[in-house]
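Trainee: Return atomic coordinates for the entry below.
(2 chains)
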Amino acid sequence: MADAIVEIADLRKTYGRVEALAGLNLRVPRGAICGLLGRNGAGKTTALKTLLGMVRPTSGTITAHGLAADVPEQSLEIRRRTSFVSEERDLYSSMSVAGIVRFASGLYPRWRADLAAEYLRKLDLPPDRSVKHLSRGMRTKLAWLLALSAGAELVILDEPTAGLDPMATEELLQLLVGRVARDGVTALLSTHQLADIEQVADHVAIVDRGRTLVDAPLDDLRATYRRVQVVFAGDAPQIAFAARGVVAARSAGRVLTVLVRADADGVAAEARARGAVSVDVLPVTLKEIFLETVAEEKSNGLA
Amino acid sequence: MVWHKAWHDTRWRFATLFAVLVALTCFHVFEWLDVQRLVPTLDPSVAGGNATVRSALAEAIAAEQTFRGYIWYQWFDQNFATCIVLFAALLGSGSALSTSGRGLLFSLALPVARGRWLEARAAIGVAQVLALALVPSLLIPLLAPVVGESYSVTDALVHGALLFVLGSVFLAFAMLASAIVDDFGRAIVLTAVAAIVVGMAEVALSRGHGLFHALTGGAYYRSGTLPWPELVLGVALTGALIYGAAAHLARRDF
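Mentor: Just a heads-up that it's a prediction; the model follows:
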């Protein structure tokens, strides 16, 4: 198993009666691009903020680079080796583009001036323009520039492509992939853009209600998850499958659709035994895995 | 870089307040020419039967017989004291982590301890309050010959230093308020309310004592003595309030 740059175990955070994190577990392998997926309010941003020392956990452990995020001195060292793009692209509005680049360069010990100059040119950012006069897209590009030039081993991006046009999204994702491939940087992306994750991530974690539902390499997910589509002669029966790893089963008329995590062949065999007229085992998209996993968790929570 | 940000965040505020204070100082010095003509015509009996007002008016008339008395009474004791408290509150308000209310998460994600942001902002703020208190005060001895008077540099320095301590207390209070509420406007209001409460409490409870009374330099003007207990109290309060702000910031969730 690859060395982990981020390790979170049984992390809890409560605000009064609200439980933002309810025993979150996460392991981000070093050198990976890890997608952190979840609905609004699932606990993604709270987890990232806890990792950066902005929020103190109620209990549990959270480490990055082997350092405890809830110990102030160690948190400082984590932030020397980690850069962050917040969802709000919250930068100093009164500084110019060149000014904020200069400002950040003085704070990160391993700042890459060569990359900053390269990205400034590539992303077409006007150095003399004030941050408050940048469009949202330009501000996003500037936030990426600062994060990717910080010389950080870990880059954390919260909703990094929200509000960007497809060209800009592609441009930034390619910069990220290039940085990971060239320098062995690890990236942790929290996003709703499943297509972005499918395009660049090699590890995925799905969280809901402050807990981890899935934490696995994307290739493993693609290999283990299958959609079994079963057609019956009459209305599809309710089947309690004995096969392992049934995530969700849904019937509509004669068709029964089953999302399976492990034993798709076992499900197919059981369906045939129950008189199915046709059984197809199909690959699934990340979107399907996400929707079904979260829907299953939601129905378990309601039950 | 952290120092640069602290200066960058407050430089226009400081420059504006500095310019206002310099203008007000000049105005007060040149106003002496009119006051000189007006004071001999004043009579405390215009206050009627109200003894408190009559006594205050008599004190004002008595003080303003000389340029030194006029400067103390009109400027250091009243207008400058109000200005320094208000201006220090303006300089201390607003989160030490953000700039014009933006960039809070950006600051928190940088490899800088929260206490360092506050330390830099407090140090820059104290230096700015010092400049606001001393430079306009030192203008008085420079400008006095223009209105045919003289004013001691020592008096200017002492009054400036006393008001610097008074301003620092409210700068620190504004920083504590900002650490708690973040918002610039609410921090200003809280600090203004605190100043009014302290001022009213002094009038009601401790006649002749208290921060405002002592640090506006009445005792120094009258007898040349310095209010050491209040000076020490002011410095200690400033330190305690800044420490409180740092402690609150360190344990806060964002």
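
Trainee: quick one: the helices in the stretch 201-303 of chain A?
Mentor: Secondary structure of the stretch 201-303 of chain A, counting by DSSP state H, counting those that start in this stretch: helices at A:218-224, A:264-273, A:286-302.

Trainee: How far does the second one sit from its chain's centre?
Mentor: When you say that, I think you mean helix A:264-273. The chain centroid and the centroid of helix A:264-273 are separated by 33 Å, computed with CA atoms, centre = their mean, to the nearest Å.

Trainee: Show me what from the stretch 101-250 of chain A comes close to chain B.
Mentor: On the criterion CB under 8 Å from any CB of the partner chain, chain B has as its neighbours in the stretch 101-250 of chain A the residues A:103, A:104, A:106, A:107, A:108, A:109. Where C-beta positions appear, they are placed from N, C-alpha and C, glycine not excepted.

Trainee: if you set the cut-off to 7 Å instead, what comes out?
Mentor: A:103, A:106, A:107, A:108 (CB under 7 Å from any CB of the partner chain).

Trainee: Closest to residue A:165 out of the residues you listed?
Mentor: Sorting those by distance to residue A:165 puts residue A:103 at the head of the list, at 28.0 Å, by CB to CB.

Trainee: Rebuild the helices of the stretch 201-303 of chain A as TSV, extending it with mean pLDDT and mean neighbour count.
Mentor: Converted to TSV, those look like this (pLDDT from 0 to 100; neighbours: other CB atoms under 10 Å in any protein chain shown):
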stretch	mean pLDDT	mean neighbour count
helix A:218-224	92	15
helix A:264-273	92	18
helix A:286-302	81	16
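
Trainee: Using JSON lines, please lay out the ones you listed together with distance to residue B:60.
Mentor: Shown next, in JSON lines, are the helices of the stretch 201-303 of chain A (distance: least, CB to CB, whole Å):
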{"stretch": "helix A:218-224", "distance to residue B:60": "81"}
{"stretch": "helix A:264-273", "distance to residue B:60": "95"}
{"stretch": "helix A:286-302", "distance to residue B:60": "74"}
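
Trainee: Give me the spatial nearest neighbour of residue A:266, chain neighbours excluded.
Mentor: The spatially closest residue to residue A:266, leaving aside those adjacent along the chain, is residue A:243, at 3.1 Å (CB to CB, 6 or more residues apart in numbering or on different chains).

Trainee: what pLDDT does the residue positioned nearest the centre of chain B get?
Mentor: A centroid search over chain B (CA atoms, centre = their mean) returns residue B:84, at 2.3 Å, as the residue closest to the centre. Residue B:84 is assigned 97 on the pLDDT scale.

Trainee: Also residue B:81?
Mentor: In this model, residue B:81 is scored at 96, pLDDT.

Trainee: I'd say it and residue B:163 touch.
Mentor: Yes. Proximity of residue B:81 to residue B:163 meets the contact threshold set by CB atoms under 7 Å, at 6.3 Å.

Trainee: Of the two, which one has the most company?
Mentor: Neighbour comparison, residue B:81 and residue B:163: the larger count goes to residue B:163, with 27 against 21 (by other CB atoms under 10 Å in any protein chain shown).

Trainee: Tell me which residues touch the more buried one, please.
Mentor: Contacts of residue B:163 were listed using CB atoms under 7 Å, 6 or more residues apart in numbering or on different chains, and they are B:76, B:80, B:81, B:84, B:133, B:215.

Trainee: ok, back up a step: need the residues of the stretch 101-250 of chain A next to chain B in CSV (columns: neighbour count and distance to residue B:36).
Mentor: Supplementary listing: these in CSV, determined by neighbours: other CB atoms under 10 Å in any protein chain shown; distance: CB to CB, whole Å:
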residue, neighbour count, distance to residue B:36
A:103, 21, 53
A:106, 11, 55
A:107, 16, 57
A:108, 20, 62
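
Trainee: Nearest to residue A:26 among these?
Mentor: Taking these together and measuring to residue A:26 by CB to CB, the closest member is residue A:108, at 24.7 Å.

Trainee: got the contact list for the closest one?
Mentor: Applying CB under 7 Å, 6+ apart, the residues contacting residue A:108 are A:80, A:150, A:151, B:111.

Trainee: Does the third one belong to a helix, a strand or coil?
Mentor: Going back to what we said before, that points to residue A:151. Secondary structure, DSSP: H, G, I helix; E, B strand; the rest coil: residue A:151 is coil.

Trainee: The residue nearest to it when sequence neighbours are not counted sits in which helix or strand?
Mentor: For residue A:151, ignoring the flanking residues on the chain, the nearest one in space by CB to CB, 6+ apart is residue A:110 at 3.0 Å. Assessed by DSSP states H and E, residue A:110 sits outside every helix and strand.

Trainee: Extract the C-alpha trace of the lowest-mean-pLDDT helix or strand in chain A and format it as PDB.
Mentor: Of all helical and strand segments in chain A, the minimum by mean pLDDT, DSSP states H and E falls on helix A:286-302, at a mean of 81. Listed next in PDB are the C-alpha coordinates belonging to helix A:286-302 (Å, rounded to 0.1, in the frame of the first residue of the first chain):
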ATOM      1  CA  LEU A 286     -18.300   7.400 -11.200                       C
ATOM      2  CA  LYS A 287     -21.500   9.400 -11.200                       C
ATOM      3  CA  GLU A 288     -23.600   6.200 -10.900                       C
ATOM      4  CA  ILE A 289     -21.400   5.000  -8.000                       C
ATOM      5  CA  PHE A 290     -21.700   8.300  -6.300                       C
ATOM      6  CA  LEU A 291     -25.400   8.700  -6.700                       C
ATOM      7  CA  GLU A 292     -26.200   5.100  -5.700                       C
ATOM      8  CA  THR A 293     -23.800   5.100  -2.700                       C
ATOM      9  CA  VAL A 294     -25.100   8.400  -1.400                       C
ATOM     10  CA  ALA A 295     -28.800   7.400  -2.000                       C
ATOM     11  CA  GLU A 296     -28.300   4.100  -0.200                       C
ATOM     12  CA  GLU A 297     -26.700   6.000   2.700                       C
ATOM     13  CA  LYS A 298     -29.600   8.400   2.700                       C
ATOM     14  CA  SER A 299     -32.200   5.700   2.800                       C
ATOM     15  CA  ASN A 300     -30.300   3.800   5.500                       C
ATOM     16  CA  GLY A 301     -30.200   7.100   7.500                       C
ATOM     17  CA  LEU A 302     -33.900   7.500   7.100                       C
END
